[in-house]
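Undergrad: got a predicted model here, sequence first, then my questions.
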Amino acid sequence: MNAKRIAPYLLLGLLLSLGACASDTNKDAQSSDDKTGNGKTDNSKNGGGVCGFTTPVDLGTPDDDGLVNVPPNHPDIIYYGRVDCSDASAPAFAHPGISIRMRFTGTSLDMRLQDFGAGRSPDTNNYYVVIIDGEAPEKHEVLPTQELYELARDLPEGTHTAEIFKIGESGPSGSPNRGKGAFLGFRIDDGAQVLPLEARGRRIEFIGDSITCGYGNEVSVSYADISENPADYTYTTRNSNAWLAWGAVAARALDAEYMAVAYSGLGMARNFNGASLATLPERYLRTLPDEADGPTWDPQRAVPEVVVINLGTNDFSAGLTLDTIEAAQAQFRDTYVQFLADLRDHYPAATFIAAVGPGLSDYYPEGLTIWTRIQDDLAQIIAQRHDDGDDRVHSLVIPPQTEPYGEDYHPTAATHAAMADRLLDKLDELGLL
């Protein structure tokens, strides 16, 4: 296999998706009795998630089908991820990996969701997976013309859990905010209860690009197939699944709350092909990554024990030459060191894992030996942080991927699982498991 033939298609995929991978409460809400699960809930019982709604709410009267609406600001719903909670009637989000969880009784479940996608095609529409009672996730396509989605009927009597997990990124197919959504609530049986739910015991944050977004990872094809028919395997939202991305896989193995700050085509200091868009560090404090004037994220809303950074593939994409590569490396190192310092200010006690791979090689751009260079850069970056007195920064080298491939030569779900295993081994080595 000729690795330098792979890179142009990988970079094409990144181009297609470039520009894309303390809350208010309802002050007028009314109390209701314990039969509907709306007794005054101490939010410390469930860890509060990132919204931390505490005001009791009323489920109200049933709809014609016998189901009642659970408002999105119910204090027993747990949100995790970059969520704008300022509108208690419609918490909004755009990053992949957003999690919304509820514990309830009854036999039925629906969700209400506002989608900001184009609604044009299954290949570009937005998707979520729904996990009920820990069973296999079911994928749901959502549309801007639809608000109500049936999730379950005829569940066994008793207590159930449900998780809504956003598997797409902010701007599929290079369309800013097309992946945005706003949660409008659940629906359950009249007379059923919403119950307190325990938060997961750990927190882990992943910062990355298309790889961390799970770009094209539901496809698994040979090098020959994709090289002969590249147009058949370009980026689609339908085949991109953040639930199967390495960060989410590792978080589930750790039983950890998962935060993804990830966006296709972006780099640490340089975006794909030098595109003049805000880099990932420049967007880091945005709650909604495509909204520069939107709400600023407060990192103290979700302080992780571990932060994993995997950036650099786009920093060393096409457009560099032997005359410019060293300057690009210096900019990458300087920006990375400063970003780690900024993260340390946010998270004084966290362990940082600086990862490289698997989307780079020494073959493309031709003659630049990028894979070797970035490993040297990472070693210098970590040494600098150690010299600055921060010894809780560590490296994780993930080797270049091999076939089969996902869309645009991105990692498959199987490769993501192997990446997650490498990370778990690293955390074990560091005594963090």
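TA: Right, received. Where do you want to start?

Undergrad: can I get stretch 401-419 as CSV, trimmed to CA atoms?
TA: Extracted as CSV, the C-alpha positions of stretch 401-419 are listed here (Å, rounded to 0.1, in the frame of the first residue of the first chain):
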residue,chain,number,x,y,z
GLN,A,401,-3.6,3.7,10.5
THR,A,402,-3.8,0.9,8.0
GLU,A,403,-6.7,-0.5,6.0
PRO,A,404,-9.7,-0.9,6.2
TYR,A,405,-10.7,2.8,6.2
GLY,A,406,-13.7,4.9,6.9
GLU,A,407,-14.9,7.7,4.7
ASP,A,408,-12.1,9.8,3.1
TYR,A,409,-9.5,7.4,4.7
HIS,A,410,-10.5,8.2,8.2
PRO,A,411,-10.4,5.6,11.0
THR,A,412,-13.1,3.0,11.1
ALA,A,413,-15.0,2.1,14.3
ALA,A,414,-12.6,-0.8,14.8
THR,A,415,-9.6,1.5,14.6
HIS,A,416,-11.3,3.9,17.1
ALA,A,417,-11.8,1.0,19.5
ALA,A,418,-8.1,0.1,19.2
MET,A,419,-7.2,3.7,19.8
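
Undergrad: could you list the buried residues of it?
TA: For stretch 401-419, a neighbour-count test (16 or more other CB atoms under 10 Å) marks 401, 403-413, 415-419 as buried. All C-beta spots, glycine's among them, are computed from the backbone N, C-alpha and C.

Undergrad: ok, Arg270 to Ile382 distance?
TA: Look at Arg270 and Ile382: by CB to CB, to the nearest Å, they are 20 Å apart.

Undergrad: returning to that earlier point: tell me which entries of the buried residues of stretch 401-419 lie within strands.
TA: Among the buried residues of stretch 401-419, no member falls in strands (criterion: DSSP state E).

Undergrad: where along the stretch 251-400 of the chain do the helices fall?
TA: 280-283, 325-346, 370-387 (DSSP state H, counting those that start in this stretch).

Undergrad: could you say which of the ones you listed is packed most deeply?
TA: For the helices of the stretch 251-400 of the chain, ranked by mean neighbour count under the definition mean count of other CB atoms under 10 Å, the leader is helix 280-283 at a mean of 20.

Undergrad: tell me what it is packed against?
TA: The criterion is 3 or more CB pairs under 8 Å, 6 or more residues apart in numbering; DSSP states H and E, and the helices and strands that helix 280-283 contacts are helix 325-346.

Undergrad: run through who's touching the helix it packs on.
TA: Helix 325-346 has contacts (CB atoms under 8 Å, 6 or more residues apart in numbering) with 267-270, 279, 281, 284, 299-300, 303, 307, 309, 311-312, 315-316, 320, 350, 352, 354, 368, 373-374, 377, 380-381, 384-385, 388, 390, 393.

Undergrad: where do the helices sit along the stretch 101-250 of the chain?
TA: Assigned helices in the stretch 101-250 of the chain, in chain order: 210-213, 223-228, 246-254 (criterion: DSSP H, counting those that start in this stretch).

Undergrad: how far does the longest one sit from its chain's centre?
TA: Here helix 246-254 is found 11 Å from its chain centre; the criterion is CA atoms, centre = their mean, to the nearest Å.

Undergrad: and the shortest one, by the same measure?
TA: Relative to its parent chain, helix 210-213 has a centroid offset of 8 Å by CA atoms, centre = their mean.

Undergrad: pull up the gap between Thr402 and Asp232, please.
TA: With CB to CB as the criterion, Thr402 and Asp232 are 20 Å apart.

Undergrad: still on that earlier bit, quick one: buried ones out of the contacts of helix 325-346?
TA: If you count burial by 16+ other CB under 10 Å, the buried members of the contacts of helix 325-346 come out as 267-270, 279, 281, 284, 299, 307, 309, 311-312, 315-316, 320, 350, 352, 354, 368, 373-374, 377, 381, 384-385, 390, 393.
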